[in-house]
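Enquirer: requesting a structural model of the entry that follows:
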Amino acid sequence: SPVAGVRLAVSHYSRDVAVLGVGAEDGEGQAFDAVKSWIGSGRTSRRIEDLKDRHAGETAWILGNGPSVRIADLDRLAGRLTIGFNRFHLAHRTTKLRPTYTFSGDAQMIEDFGQAIVDESGGTVFIAHHAPPDLVGDYIWLRQAPVFPPLFSKRPDRVVSPGGSTPYVAMQVAYYMGVRKFYFYGADFTFRFVGARPGSGVFRSATGEGNHFIANYRSGRPWCPPSLIDIGSSFFNARLIMEAEGGFVRNVTRGGALEIFPREDFDAALARG
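Expert: Okay, here's the model as predicted:
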């Protein structure tokens with residue numbers, strides 16, 4: 001029902017995108033874009049429905065690939081509920097850890113290495129993309145809509161938001177599985193890169209290595225530099241949601257610059273759960 005002094009407006013600025021504005025009569029307020037994509041009729045692979053509440057009450061470990069990662073730490077996480085990303089499988093030769101789930105939601109990463117991620121990751125693999133990618137094998141496709149602000153989807157069986165970071169996608173799916181407690185490990189939140197050649201496009205506008213504990217992680221290919229503003233806002237959103245439901249998101253990375261989540265010592269967190 002209408003609320004006095006508040007206006008609601010929907011405008012279309014392309015065939016596929018709409019903006020929903022909510023604000024006061026003086027024009028101040030919030031605008032949500034890509035509404036049509038978010039509430040569209042498409043849906044994620046139905047296989048995700050089998051995972052509903054599978055990990056209720058458990059704690060999930062989000063494994064960043066930052067340079068602070070220690071192989072000895074990874075080995076100690078073997079057997080826990082762990083979530084890896086992208087080319088983590090390249091570390092299989094040095095650690096006994098095999099993540100329970102692996103996610104990839106980066107368009108460039110999927111295009112360049114998606115098939116190897118599906119083939120070599122092990123466990124259950126999720127590929128988040130706006131449409132089913134041209135990959136073969138055993139994986140779950142997540143319908144991804146790049147809305148802003150980066151909404152947190154509690155129905156990833158319908159749609160997920162990238163939020164500038166695949167870990168944000170993973171948290172939406174883990175929430176659907178019943179997880180409310182998360183530890184971030186190896187999320188350094190610092191990146192070094194140089195610009196790619198002109199005309200490379202937004203998903204290939206940076207080059208450089210050294211941002212991961214895995215050598216030659218990008219295989220010399222250009223990549224998409226992260227938007228720390230988008231990632232920061234989405235991470236804070238996830239933190240508030242978990243804390244509102246009695247859970248938490250904590251950072252147990254050894255160093256790094258991710259201060260959006262409260263810090264906890266890695267060894268203490270491991271002993272706790």
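
Enquirer: tell me where the stretch 1-150 of the chain has strands.
Expert: Applying DSSP state E, counting those that start in this stretch to the stretch 1-150 of the chain gives strands spanning 6-12, 18-24, 29-33, 59-63, 82-85, 101-104, 124-129, 140-143.

Enquirer: ok, then the element right after the host helix or strand of residue 241?
Expert: Using DSSP states H and E, residue 241 sits in helix 228-244. Once helix 228-244 ends, the next helix or strand along the chain (criterion: DSSP H and E) is strand 248-251.

Enquirer: contacts for that following strand?
Expert: The contact list for strand 248-251, computed with CB atoms under 8 Å, 6 or more residues apart in numbering, reads 171, 180-184, 187, 235, 238-239, 242-243, 258-264, 269. For every residue, glycine as well, the C-beta is placed using N, CA and C.

Enquirer: what about the residues you listed, which are in strands?
Expert: 181, 182, 183, 184 (DSSP state E).

Enquirer: could those residues go into TSV alongside distance to residue 231 and pLDDT?
Expert: As requested, those are exported to TSV (distance: CB to CB, whole Å; pLDDT from 0 to 100):
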residue	distance to residue 231	pLDDT
181	21	98
182	15	98
183	18	98
184	12	98
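
Enquirer: and which of the residues you listed is nearest residue 124?
Expert: Ranked by distance to residue 124 (CB to CB), the ones in strands among the contacts of strand 248-251 are led by residue 182 at 17.6 Å.

Enquirer: bridging residues for the closest one?
Expert: Beta bridges link residue 182 to residue 60, residue 249, judged by DSSP bridges.

Enquirer: count of neighbours near it?
Expert: Other residues lying near residue 182 total 25 when counted by other CB atoms under 10 Å.

Enquirer: in this structure residue 136 contacts residue 114, no?
Expert: No: Residue 136 lies out of contact with residue 114 (CB atoms under 8 Å); the separation is 10.2 Å.

Enquirer: in terms of neighbours, single out the busier of these two.
Expert: Between residue 136 and residue 114, residue 114 has the larger neighbour count (other CB under 10 Å), namely 23 against 9.

Enquirer: ok, residue 118 - contacts?
Expert: Contacts of residue 118 by CB under 8 Å, 6+ apart are 125, 127, 135, 136, 137, 138, 139.

Enquirer: excluding chain neighbours, what is closest to the fifth one?
Expert: Taking CB to CB, 6 or more residues apart in numbering as the measure, residue 137 lies nearest to residue 118, with 4.3 Å between them; neighbours along the chain are not counted.

Enquirer: what confidence value was assigned to that neighbour?
Expert: On pLDDT, residue 118 comes in at 98.

Enquirer: on that earlier part again, show me which of the ones in strands among the contacts of strand 248-251 are buried.
Expert: 181, 182, 183, 184 (16 or more other CB atoms under 10 Å).

Enquirer: show me where pLDDT drops low in the protein?
Expert: Scanning the chain for pLDDT under 70 picks out 1-34, 191-210, 219-220, 223-224.

Enquirer: can you map out the helices along it?
Expert: In the chain, the helices defined using DSSP state H lie at 35-38, 71-76, 107-120, 166-176, 228-244, 266-272.

Enquirer: out of these, which one sits most buried?
Expert: Between the helices of the chain, helix 166-176 has the highest mean count of neighbours, a mean of 25, where neighbours are mean count of other CB atoms under 10 Å.

Enquirer: now the residue minimising distance to the centre of the chain: closest residue in space, sequence neighbours ignored.
Expert: What sits nearest the mean C-alpha location of the chain, by CA atoms, centre = their mean, is residue 166, with 2.2 Å. Once flanking residues are discounted, residue 166 sits nearest to residue 105: 4.1 Å by CB to CB, 6+ apart.

Enquirer: please list all residues in contact with the one you found.
Expert: With the criterion set at CB under 8 Å, 6+ apart, residue 105 makes contact with 127, 128, 129, 142, 144, 160, 162, 166, 169.
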